[in-house]
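Trainee: Can you look at this prediction? I've put the sequence above it.
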Amino acid sequence: MKKYFLPLLLLLPLAMQAQSIKGPYIGVTTQYQNTWIINDEQYEDVNYRHKFTTKWAPFGVVAGYKFNENHNFQVELIRSKQGENFDFVDDNGDKTGEKEIDLVYWNIPVLFKYTTTGRLRFNFHVGPQLSILQKGREENRFSRDATYDRNGSPIPINAGTYVLATTDEAERNRNNSGTPIGGFNKYDLGIALGTGVEYSLNSATYLTANIRYHYNFVNIRDSESQRSPVDPDYYVLRQNMVVGLQLGIHFLFNTGDGETPARHK
C-alpha cells in the first residue's frame, strides 16, 4: 500500500491546482499575422507576384462565458492591420514596381470554443466574423516605364506613383492626376477559426497561444470589377485572408461551486 500512497502524496499539490469550471471571463490579446489579398477571378497570366506580407494586430479584447470545463462562448474586438504587398513584372518577367494594399479593420469574431480539461489544455474555436474598415489605401509605384500584357493587349504604364483607392476623402477630392480614385467597402463578413493551448497560472488567470485563421467573403473595394489605366491587371473580387499567432492573458470570474481539481483527459 505504501508504494501507491507515496506517489499520491507527490501528485496532490498538482491535483489541488484550482480550475474554475463556470463563469464569465475577460482578456487581452495581440497577434502577429501573415496577411493576403486573394483575387478570386485571376490566378494565371497576371503581371503581379505575391510578396510574403506580415502585419500586426497589436491589441484585442475578449469577453466570454464558460458554461463548463469544455464549452465556451466568446466575443472579441481586434484592431487588425491587413492587406498585402505585390511585385509588378513586365512582359519580359522583370520587376518594374510594387503594389501596396494597406487596410486597418476592427474585427469582431463571435466564437464557440471547445476546451479540454487540465491545467495545460487544448482548445478549438470557430464562428462568424464581422470586420469594420477603419482606413484603407491601394497604391501602385512603378520605378520605370514598361509595357504589360493584359489578356493579349499591351498596356503601357509610365513610371510614377498612383493611388487607386483610399478612404481619405480629402485626397480623393483633390486628385488631379486624371485617374479616378476609388473607395473600399466599409464592412466585411467572413469566418474565423483556430486552435491552440491554454495554461492556468492559478484558478482565475490563464494564458493562451492560438493559431488563428480567417477568410472574409466581401470584396475589399466598393465596386466589383476593377480596371485602371495605371494597373497592369484587372480584378473582379478580392478578399482578405489572414493566418496569425495570437497570444493572450485571460481572467476568469468563477460562479460555480468554488475550486475543483484540475483533470486531464
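Mentor: Sure, I can see it.
Trainee: what stretches of the stretch 151-265 of the chain score poorly on pLDDT?
Mentor: 176-178, 255-265 (pLDDT under 70).
Trainee: mind listing the helices for it?
Mentor: For the stretch 151-265 of the chain, the helices defined by DSSP state H, counting those that start in this stretch cover 169-173.
Trainee: how close does Phe67 get to Asp40?
Mentor: When distance is defined by C-beta to C-beta, to the nearest Å, Phe67 is 38 Å away from Asp40. Backbone N, C-alpha and C define where each C-beta goes, glycine included.
Trainee: and what of Asp91?
Mentor: 24 Å.
Trainee: of the two, who's got more company?
Mentor: Asp91 (15 against 12; other C-beta atoms under 10 Å).
Trainee: Double-check that one against Ser153; I have them as touching.
Mentor: No. Counting by C-beta atoms under 8 Å, Asp91 stays clear of Ser153, with 11.0 Å between them.
Trainee: Would you agree Ala57 is in contact with Thr30?
Mentor: Yes. Applying C-beta under 8 Å, one finds Ala57 in contact with Thr30, separated by 6.8 Å.
Trainee: Look at those two and report which has more neighbours.
Mentor: Ala57 (23 against 16).
Trainee: Mind listing what's buried along the longest strand seen in the chain?
Mentor: Secondary structure of the chain read by DSSP state E shows that its longest strand is strand 120-142. Applying a neighbour-count criterion of 16 or more other C-beta atoms under 10 Å, the buried positions in strand 120-142 are Arg121, Asn123, His125, Gly127, Gln129, Ser131, Leu133, Gly136, Arg137, Glu138, Asn140, Phe142.
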